[in-house]
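Engineer: The following block contains a protein sequence and its predicted model.
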Amino acid sequence: MRRTRTLILTLVTACAATVGAAWVALPAFAAGATATFVKTADWGTGWEGKYTITNGGASTLSGWAVTFDLPAGTTLGSYWDALLTSSGQRHTFTNRSWNGTLAPGASTSFGFLATGSGSPANCQLDGAPCGGGPTPTPTGTTPPATTAPPTTPPATTPPATTPPPTTAPPTGDLPKHLLTGYWHNFDNPAVELRLRDVPAEYDLVAVAFAEATATPGAVTFAVDPGLSAALGGYSDAEFTADVQALRSRGRKVILSVGGETGRVAVNDAASATAFADSTYALLRRYGFDGVDIDLENGLNPTYMGQALRALRAKAGPSLIIAMAPQTIDMQSPAAGYFKLALDIRDILTVVNTQFYNSGAMLGCDQNAAYPQGSVNFIVALACIQLEAGLRPDQVGLGLPAGPGAAGGGIVAPSVVNAALDCLARGTNCGSFRPPRTYPGIRGAMTWSINWDVSNGNGFARTVKPHLSTLP
């Protein structure tokens, strides 16, 4: 995203129950159920671990619990994709609601961070040896503790090889295909708007931008004084009322973090906590429905993933999480932004990649560099995300809203519609055709609402009606 008229062309750019209590066994595991452990990273003073639970039996498993000991001097830190109860050095991880059911042959995994050099020992899978074996007879009737997940921010999710959920995380009543637009909280040559005056076509409004504070990772937000002056006065109280006005009209409003000049940095556990805490406070203060990550000056996927999981733990499952990476950031699953998206895809709402300001780029066929500003470019680059692990409902197409909004890659709104058709239906394609269709493609995003209004609302009035025609 860009705050100024002049834009920079980008070329390259994570047991036992309460003491004295005994287990009631979960549904018995069929013979062959196993839990295997591996250290996925080790930096000397600590490490990242992963357990994979595999149903090698003939019956579907309806829940699992992995229990193990850590030696004295080794402590657990953040964890993900499981719930935890502990008693001293004995730790039990149980399934989340979405990964407890395993069909025969299926597997799932969870991970955690630990400080110290020790490794798990005495592992049991629902009371049986983790390497497989019969389930013992239950020895008590007191259920294990069911404490809520701790507020310690989790780190990243397991590697991208873990199959994603088959359904989207809950995000309220967002439409199947949505139009996202950015609203300027600053004064530039585009038309200034009060939030309540955002055109009705936009389903999701991203307020740009939250700013960094002196505390690493922490963010803040207030109505920009320059914007307020340009509007003849616009207060925080009026803005807050406008957020609620848009929500009452059935739209969602999220807070975007970053932008071209943004300097928010989440590079360690402390800054991840600061990000989650400060963002949650802003969500509560202004009534935002979620957060958008638009960091164009570096992103650490491990700690941003930790921050976003901690934020969702605070805000609940209705939290909208969006991203707006540059094209270079989504060329490879190993890239920071792409890795972050894959790591948190179980809670991610949508990635609206900026298909502009980038020059020619390789598509998912890796055979040609497609020039920006074309159907081929948009479809071939979106195909990378769709074929590398993101669900279609998590992929949106980000394009400029006409002259002034970008330095390159501006296309007519009809080109955006053609790209959507090619991806969703296999029609209106250019010379590049994706390997399959993606009827669930989420929609389109534009930078920005203000530039669209400046250019006669052509983007919203052309793209929004077309979205309703998609499968």
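Structural biologist: Received it, and whenever you're ready, just let me know what you need.
Engineer: Could you pull up the residues touching the nearest residue to D452 once chain neighbours are set aside?
Structural biologist: Distances taken as Cβ to Cβ, 6 or more residues apart in numbering place A401 nearest to D452, at 3.7 Å, with adjacent residues excluded. Every residue, glycine included, has its C-beta placed from N, CA and C. Contact partners of A401, counting by Cβ atoms under 8 Å, 6 or more residues apart in numbering, are 181, 446-449, 451-452, 455, 458-460.
Engineer: what's the helix or strand for G181?
Structural biologist: strand 178-184 (DSSP states H and E).
Engineer: ok now that strand, how far from the chain's centre?
Structural biologist: Centroid separation for strand 178-184 versus its chain: 17 Å, with Cα atoms, centre = their mean, to the nearest Å.
Engineer: How about stretch 34-46?
Structural biologist: So, by Cα atoms, centre = their mean, the centroid of stretch 34-46 is 25 Å from its chain's centroid.
Engineer: got the CA coordinates for it in CSV?
Structural biologist: Extracted as CSV, the C-alpha positions of stretch 34-46 are listed here (Å, rounded to 0.1, in the frame of the first residue of the first chain):
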residue,chain,number,x,y,z
THR,A,34,1.1,-43.6,17.1
ALA,A,35,2.6,-40.3,18.1
THR,A,36,6.1,-39.6,16.7
PHE,A,37,8.3,-36.7,17.9
VAL,A,38,10.9,-34.7,16.0
LYS,A,39,12.9,-31.6,16.9
THR,A,40,12.3,-29.3,13.9
ALA,A,41,14.8,-26.7,15.1
ASP,A,42,17.5,-26.5,17.8
TRP,A,43,19.4,-23.4,18.7
GLY,A,44,21.4,-24.7,21.7
THR,A,45,19.5,-22.9,24.5
GLY,A,46,16.1,-24.1,23.2
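Engineer: circling back: and whichever helix or strand comes after the strand holding G181 with strand 178-184, angle?
Structural biologist: Following strand 178-184 in sequence order, the next helix or strand is strand 204-212 (DSSP H and E). Angle of strand 204-212 versus strand 178-184, following axes from the mean of the first three to the mean of the last three Cα atoms, to 10 degrees, is 40 degrees.
Engineer: Summarise which helices and strands strand 204-212 is packed against.
Structural biologist: strand 178-184, strand 219-220, strand 252-259, strand 290-295, strand 320-323 (3 or more Cβ pairs under 8 Å, 6 or more residues apart in numbering; DSSP states H and E).
Engineer: That one: partners in the sheet, and parallel or antiparallel?
Structural biologist: Partners of strand 204-212 in the sheet, by DSSP bridges, are strand 178-184 (parallel), strand 219-220 (antiparallel), strand 252-259 (parallel).
Engineer: Mind checking the pLDDT average for the first one?
Structural biologist: Meaning strand 178-184. For strand 178-184, mean pLDDT rounds to 98.
Engineer: neighbouring contacts of it?
Structural biologist: Everything outside strand 178-184 that qualifies as a contact, by Cβ under 8 Å, 6+ apart, is 1, 3, 190, 192-193, 195, 198, 201-208, 227, 256, 322, 350, 352, 396, 401, 442-450, 452, 460, 463-464, 467.
Engineer: Distance-wise, check the closest residue in space to G118 that isn't next to it in sequence relative to G46.
Structural biologist: Leaving out its chain neighbours, the residue that sits closest to G118 by Cβ to Cβ, 6+ apart is T74, at 3.4 Å. Plainly put, T74 is 9 Å away from G46 if you go by Cβ to Cβ, to the nearest Å.
Engineer: what's the answer for P175, then?
Structural biologist: Separation of P175 from G46 (Cβ to Cβ): 44 Å.
Engineer: Ok, R461 next?
Structural biologist: 54 Å.
Engineer: Likewise for L362?
Structural biologist: L362 is 37 Å from G46, by Cβ to Cβ.
Engineer: swap in N376?
Structural biologist: 46 Å.
Engineer: the more surrounded of these two?
Structural biologist: For N376 and G46, the more surrounded residue by other Cβ atoms under 10 Å is N376, and the numbers stand at 20 against 15.
Engineer: quick one: secondary structure of the more buried one?
Structural biologist: helix (DSSP: H, G, I helix; E, B strand; the rest coil).
Engineer: Quick one: residues contacting it.
Structural biologist: 363, 370, 430-432.
Engineer: Check whether G73 sits in a helix, strand or coil.
Structural biologist: Classification of G73 by three-state DSSP places it in coil.
Engineer: The residue nearest to it when sequence neighbours are not counted: what's it in contact with?
Structural biologist: The shortest distance from G73 to any non-neighbouring residue, by Cβ to Cβ, 6+ apart, is to G116 (5.0 Å). Counting by Cβ under 8 Å, 6+ apart, G116 touches 45-46, 70-71, 73-75.
Engineer: before we move on, what about C123?
Structural biologist: By Cβ under 8 Å, 6+ apart, the neighbours of C123 are 35, 37, 66-68, 129-130.
Engineer: Please repeat the previous calculation with a cut-off of 7 Å.
Structural biologist: Shown in contact with C123 (Cβ atoms under 7 Å, 6 or more residues apart in numbering): 35, 37, 66, 68, 130.
Engineer: out of those, which are buried?
Structural biologist: Among these, those scoring as buried are 35, 66, 68, 130 (criterion: 16 or more other Cβ atoms under 10 Å).
Engineer: Doesn't the third one belong to a strand?
Structural biologist: I take that to be F68. Yes. Assessed with three-state DSSP, F68 lies in a strand.
Engineer: wait, isn't it in contact with P120?
Structural biologist: Yes. Counting by Cβ atoms under 7 Å, P120 is a contact partner of F68 at 4.0 Å.
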